[in-house]
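Q: Sequence and predicted structure, then a few things I'm wondering about:
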Amino acid sequence: MVLWFAWMPLGWFLGGLSDLPPARAHDYHVGVAEVQWTSSGFEVSALFFADDLERGVQTSGVPWDTHRADSLLRPYMKQHFGLIHSPSVEWVGHRSEGAQIRCFFRVPFSAEQVPSSQIRLRFDVLMDVYPDQKNLLHIQKNGRRQSYYFSARNPIQTLQ
């Protein structure tokens, strides 16, 4: 239930965008991730425009509701989202939501990482394709919500 309330503003923000025809270009490039910080790692849900991801994974015409799309997204997300000095990202899957794609994955903490300490995170998804790409990250930790802003100038942030 908590995640529904966390995603409700995201759905409101991006929900109206699903009314756009898929071929219509948009002038902004944004991704939004919701993260649940647990003692064993992060549980992540990230939302992006489907046409932007298509360019990011360098493919076209692959239906998003197939295993082929999953096999393209998995390595791309692992390359562009994760903890610094710990490349472990466990891909869970994705689903199509109109003109957007929601990706699900986990980022486990290693034995050396203390969950309450500061953690460096890279979130440069689609910044290799769009120099103006902005990614927002909202984290739920210990009942508190923190937000972080990632850009080409700042693709790595220290989470607290």
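A: That came through, no problem. Numbering: from 1, shown residues only.

Q: Show me the helices in this protein, by range?
A: Ranges of helices within the chain are 2-15, 50-56, 67-80, based on DSSP state H.

Q: name the helices or strands packed onto the shortest one?
A: Okay, so that is helix 50-56. helix 67-80, strand 100-108 (3 or more C-beta pairs under 8 Å, 6 or more residues apart in numbering; DSSP states H and E). C-beta here means a position set from N, CA and C on the backbone, and glycine is covered the same way.

Q: can you give me how far the first one is from the chain middle?
A: Centre-to-centre, helix 67-80 and its host chain are 12 Å apart (C-alpha atoms, centre = their mean, to the nearest Å).

Q: Out of the helices of the chain, name the one with the poorest average pLDDT.
A: If you rank the helices of the chain by mean pLDDT, helix 2-15 sits at the bottom with a mean of 43.

Q: in the sheet, who's paired with the closest residue to residue 156 other than its chain neighbours?
A: Spatial nearest neighbour of residue 156, chain neighbours left out: residue 122 (5.0 Å); criterion: C-beta to C-beta, 6 or more residues apart in numbering. Following DSSP bridges, residue 122 is listed with bridge partners residue 82, residue 156.

Q: can you tell me which residues contact residue 122?
A: By C-beta atoms under 8 Å, 6 or more residues apart in numbering, the contact set of residue 122 is 80-84, 155-156.

Q: Make a markdown table out of those residues and add neighbour count and distance to residue 97.
A: As requested, the contacts of residue 122 are exported to a markdown table (neighbours: other C-beta atoms under 10 Å; distance: C-beta to C-beta, whole Å):
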| residue | neighbour count | distance to residue 97 |
| --- | --- | --- |
| 80 | 19 | 20 |
| 81 | 24 | 19 |
| 82 | 21 | 23 |
| 83 | 20 | 26 |
| 84 | 12 | 30 |
| 155 | 17 | 25 |
| 156 | 11 | 28 |
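
Q: Reformat those residues as JSON lines; add distance to residue 47.
A: Listed next are the contacts of residue 122 as JSON lines, based on distance: C-beta to C-beta, whole Å:
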{"residue": "80", "distance to residue 47": "15"}
{"residue": "81", "distance to residue 47": "13"}
{"residue": "82", "distance to residue 47": "18"}
{"residue": "83", "distance to residue 47": "21"}
{"residue": "84", "distance to residue 47": "23"}
{"residue": "155", "distance to residue 47": "18"}
{"residue": "156", "distance to residue 47": "21"}
